[in-house]
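Colleague: Sequence and predicted structure, then a few things I'm wondering about:
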Amino acid sequence: MEKILVGLKRVVDYNVRVRVKSDGSGVETDGVKMSINPFDEIALEEALRIKERGEASEVVVVSVGGSEAQQQLRTGLAMGADRAILVVTESELDPLTGARVLMELVDREQPGLVLLGKQAIDNDNNQTGQMLAALWGRPQATFASEVVLNGDTAKVTREVDVGLESIDIDLPAVITADLRLNEPRYVKLPDIMKAKKKPLDEIQFAEMGVESAVPVANLQFEPPQQRAKGIMVDDVAGLVSALKDKGLL
Amino acid sequence: MSKILLIAEHDGATLNPSTAKCVACAAQISGAEIDVAVFAEEGAAVAAQAAELQSVSKVLQLDNPANANALAATLAPQVSALADGYSHVFGPSTTFGKDLMPRVAALLGVNQISDIMEVLGSHKFKRPIYAGNAIVTVEASPDLPVVATVRTASYQAIEAGNSAAVEAASPDADLPTHTRFLEIQAGKSDRPDLQTAAKVVSGGRALASAENFDLIFKLADALGAGAGASRAAVDAGYVPNEMQVGQTGKIIAPELYIAIGISGAIQHLTGIKDAGTIVAINKDEEAPIFEVADIGLVGDLFDIVPQLTEAVSSQ
Ligand SMILES: Cc1cc2nc3c(=O)[nH]c(=O)nc-3n(C[C@H](O)[C@H](O)[C@H](O)COP(=O)(O)OP(=O)(O)OC[C@H]3O[C@@H](n4cnc5c(N)ncnc54)[C@H](O)[C@@H]3O)c2cc1C
Ligand SMILES: Nc1ncnc2c1ncn2[C@@H]1O[C@H](COP(=O)(O)O)[C@@H](O)[C@H]1O
């Protein structure tokens, strides 16, 4: 195929223990480490491997967000993507509007495959890929743990609750990456230098001609309930009697 | 008044317990009328089970050979056609619902509310974000249909004892042929299902091999428990992926959870936040798992677990 489009979202790094602001207006993101959403890194790695096998000729990474998302796109270029597109918007993006932006990019770029993460680990929505597939009227293969391309179709193994499901889909399609799809490569210093010369286009959201969806309003944020402090026991006998006390044995 | 369409999850023969949990959530919306839709090749048996659930007004049975396997691309246009006249469309936050519901939402032109954990009103809910590190109160527009998934670990299955009417229905929808089901490889296990088990024993990377996981299985069997694992244990190939507990595995709420040789990474803890009692066995007293454990035991699992299995068996 000609082209693979990969969505990269800039999110709080997965190692950061996120805290709710004391006034409940949101979560603390000032000075916090930001990264590519881990599932998106896996999606990109898969796209790169497909290209390296000669089954695609170009990998385009796209992000929708503030201009800071340039950093994540540059990392994507350093990993091996050929080109990047940033759709700039300073407002908080809801999944349906995000999917509409991706749909507009699909119309402009005509990819043979769109690879996204199964879920962005900030809002844990797990919606965008499915929505894009619906708007596009194309197949979706979510939670992918293996992708085998066969010309105009793909066989995708999906991680589902009971085990592994495999489906056969026509291309173009949307595939969303689960953790075990692959292990993303590390970026090397020379690649970072090279990535600086690769094209990164910015398009203003307003220029996309995309209608914003009605967002679900976030009224208030709170920390999760803390569990009561537990006890330590010294040995198996202590554990057994503690379990008996709770009526669990 | 709220009219809720709830999409049943099943395997063609048996209703998945996630559906009764969704009904429990939907029933918290005051005055709601709840219809359950069963999409299947031959849905009579499943529809009969759904009709027994309390609070259900009626069950819609949508038989079609195309519905033999749950494919989001095939189901979504049917659900969105059926959704006309409903204020809410709910599904479980299992891989089935997570796959299907956003596709339905996009066809209906709305955003989805993912993982409802608490109902505050017909359009106001609580849901977890950042792997459960924050809880957000959200409000959907009263002018649009509410499409949502229900975090099943937050709800107890609603009781049976009802006998709602079952009606056949066939929504007018074009079904695509671009997505074809091939096969499902289900892990065969005689142990209780992870997502509904009252007790769960999980092992982590510390087990160090597939053979050693027998220690976990033996303890689980002695307790009559389900068996789970951390992602590290799954990635290392000790056990299959359907055993993974956590943010990207299963979110569970057993009465008793025993974490063995698991450090307690935030992504793992997300999966067990609603467990009744958490027991941690770990040789590192600084392991974060002890911060959430109700009962902690520091020591080598290879000593402790056989002793514990023995002690439990002799009870
Ligand atoms: C996006 C994302 C999603 C993720 N989703 C999940 C998920 O759903 N579920 C999940 O589990 N993880 C998930 N992870 C991975 C998670 O961050 C951790 O890497 C993982 O949970 C660690 O597994 P572990 O506790 O088994 O291994 P480790 O962190 O290596 O811990 C092993 C523990 O065993 C103890 N130990 C070692 N030997 C012994 C012994 N002989 N006796 C007793 N104790 C011993 C050690 O002290 C240590 O605490 C995710 C990560 C990312 C980035
Ligand atoms: N703003 C964004 N920019 C680029 N890709 C995105 C954006 N939002 C979501 N995605 C993609 O959609 C996936 C699912 O996101 P979500 O539906 O928010 O959980 C992510 O893993 C990304 O691949």
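Modeller: All right, it came through fine. Ligands and ions are numbered 1, 2, ... in the order given.
Colleague: Model confidence score at the residue in chain B that ligand 2 sits nearest to, please.
Modeller: Among the residues of chain B, B:P102 lies nearest to ligand 2; the distance is 7.3 Å by C-beta to the nearest ligand atom. C-beta coordinates here come from the backbone N, C-alpha and C atoms, glycine included. Reading off the confidence values, B:P102 has pLDDT 98.
Colleague: Helices of the stretch 201-315 of chain B, start to end?
Modeller: Assigned by DSSP state H, counting those that start in this stretch, the helices in the stretch 201-315 of chain B fall at B:214-223, B:231-235, B:266-269, B:289-292, B:301-313.
Colleague: about what we covered before: you'd agree the residue of chain B closest to ligand 2 is in a helix?
Modeller: Yes - with DSSP: H, G, I helix; E, B strand; the rest coil as the criterion, B:P102 is located in a helix.
Colleague: Report how many residues lie close to it.
Modeller: 33 (other C-beta atoms under 10 Å in any protein chain shown).
Colleague: again with B:A13
Modeller: Neighbour number of B:A13 under other C-beta under 10 Å is 10.
Colleague: That one is in contact with B:V46, isn't it?
Modeller: Yes - B:A13 sits in contact with B:V46 when judged by C-beta atoms under 8 Å, with a separation of 7.1 Å.
Colleague: tell me the contacts of B:A259?
Modeller: Counting by C-beta atoms under 8 Å, 6 or more residues apart in numbering or on different chains, B:A259 makes contact with B:S202, B:G204, B:H268, B:I272, B:I278, B:V279, B:A280, B:I281, B:N282, B:I289, B:A293.
Colleague: For the third one, which residues are in contact?
Modeller: Contact analysis of B:H268 by C-beta under 8 Å, 6+ apart lists B:S230, B:R231, B:V245, B:G246, B:Q247, B:A259, B:I262.
Colleague: so what's the first one closest to, chain neighbours aside?
Modeller: If the residues on either side of it in the chain are set aside, B:S230 comes closest to B:G204, at 4.1 Å by C-beta to C-beta, 6 or more residues apart in numbering or on different chains.
Colleague: if I pick the one you found, what's in contact with it?
Modeller: Contact analysis of B:G204 by C-beta under 8 Å, 6+ apart lists B:A229, B:S230, B:A232, B:A233, B:A259, B:I260, B:G261, B:I262, B:S263.
Colleague: Check those residues against A:I42 and report the nearest one.
Modeller: Nearest to A:I42 among the contacts of B:G204: B:A232, at 16.5 Å, using C-beta to C-beta.
Colleague: how deep is the closest one tucked in, by neighbour count?
Modeller: Neighbours of B:A232 (other C-beta under 10 Å): 19.
Colleague: Which residue is the nearest non-sequential neighbour of A:R19?
Modeller: Closest to A:R19 by C-beta to C-beta, 6+ apart is A:E28, at 4.8 Å.
Colleague: That neighbour: how many residues sit nearby?
Modeller: 14.
Colleague: Now it. Its backbone dihedrals?
Modeller: Per-residue torsions, A:E28: phi -70, psi 120 (degrees, to the nearest 10).
Colleague: Look at it and report its pLDDT.
Modeller: 94.
Colleague: got a list of what it touches?
Modeller: A:E28 makes contact with A:V18, A:R19, A:V20, A:K21 under the criterion C-beta under 8 Å, 6+ apart.
Colleague: Now do the third one against ligand 1, distance only.
Modeller: So the one you mean is A:V20. Taking C-beta to the nearest ligand atom, to the nearest Å as the measure, A:V20 falls 20 Å from ligand 1.
Colleague: who's that residue bridged to?
Modeller: Beta-bridge pairing for A:V20 (DSSP bridges): A:V27.
Colleague: Would you mind measuring from it to B:A134?
Modeller: Using C-beta to C-beta, to the nearest Å, A:V20 is found at 5 Å from B:A134.
Colleague: what residues are shared contacts of the two?
Modeller: A:V27, A:F221, A:E222, A:P223.
Colleague: Put the buried members of those residues into a ChimeraX selection.
Modeller: Command for ChimeraX that selects the buried part of these, burial taken from 16 or more other C-beta atoms under 10 Å in any protein chain shown:
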select /A:27,221
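Colleague: Among the shared contacts of A:V20 and B:A134, which one lies nearest to A:P184?
Modeller: For these, the nearest to A:P184 is A:V27 (25.4 Å; C-beta to C-beta).
Colleague: what about the strands in chain A?
Modeller: A:3-7, A:10-12, A:34-36, A:58-65, A:83-88, A:113-117, A:140-150, A:153-160, A:163-170, A:174-177, A:200-204, A:217-222, A:231-233 (DSSP state E).
Colleague: and the fourth one, anywhere near ligand 2?
Modeller: Right, strand A:58-65. Yes - using C-beta under 6 Å from any ligand atom, strand A:58-65 comes into contact with ligand 2 via A:V62, A:S63, A:V64, A:G65.
Colleague: In the worst-scoring helix or strand of chain A on mean pLDDT, which of the residues would be classed as buried?
Modeller: Here the helix or strand of chain A ranked lowest by mean pLDDT, DSSP states H and E is helix A:189-195, holding a mean of 93. Neighbour-count burial for helix A:189-195 flags A:A195 (criterion: 16+ other C-beta under 10 Å).
Colleague: Which elements pack onto that helix?
Modeller: helix A:70-79 (3 or more C-beta pairs under 8 Å, 6 or more residues apart in numbering or on different chains; DSSP states H and E).
Colleague: counting contacts, what elements does the helix it packs on pack onto?
Modeller: Against helix A:70-79 (3+ C-beta pairs under 8 Å, 6+ apart) you get strand A:34-36, helix A:38-52, strand A:58-65, strand A:83-88, helix A:189-195, strand A:200-204.
Colleague: now for the ones you listed, which one comes closest to B:N64?
Modeller: For B:N64, the closest of those is helix A:38-52, at 32.8 Å, according to C-beta to C-beta.
Colleague: just the CA coordinates of that closest one, formatted as CSV?
Modeller: C-alpha atoms of helix A:38-52 as CSV (Å, rounded to 0.1, in the frame of the first residue of the first chain):
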residue,chain,number,x,y,z
PRO,A,38,2.3,4.2,24.9
PHE,A,39,-0.2,2.4,22.7
ASP,A,40,0.5,4.9,19.9
GLU,A,41,4.2,4.1,20.0
ILE,A,42,3.2,0.5,19.5
ALA,A,43,1.0,1.5,16.6
LEU,A,44,3.9,3.4,15.0
GLU,A,45,6.3,0.6,15.5
GLU,A,46,3.9,-1.7,13.7
ALA,A,47,3.6,0.7,10.8
LEU,A,48,7.3,1.0,10.6
ARG,A,49,7.7,-2.8,10.5
ILE,A,50,5.1,-3.0,7.7
LYS,A,51,7.0,-0.4,5.7
GLU,A,52,10.4,-2.2,6.4
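Colleague: what's next to that helix, contact-wise?
Modeller: A:4, A:6-9, A:14, A:36, A:56-59, A:61, A:76, A:79-81, A:113, A:115-121, A:144, A:147, A:149, A:175-179, A:181-185.
Colleague: With A:L8 as the reference, measure out to the residue of the stretch 1-150 of chain B found nearest ligand 1.
Modeller: Of all residues in the stretch 1-150 of chain B, B:A131 sits closest to ligand 1, with a separation of 7.8 Å (C-beta to the nearest ligand atom). Going from B:A131 to A:L8 by C-beta to C-beta gives 19 Å.
Colleague: I'm done for today, thanks for sticking with me.
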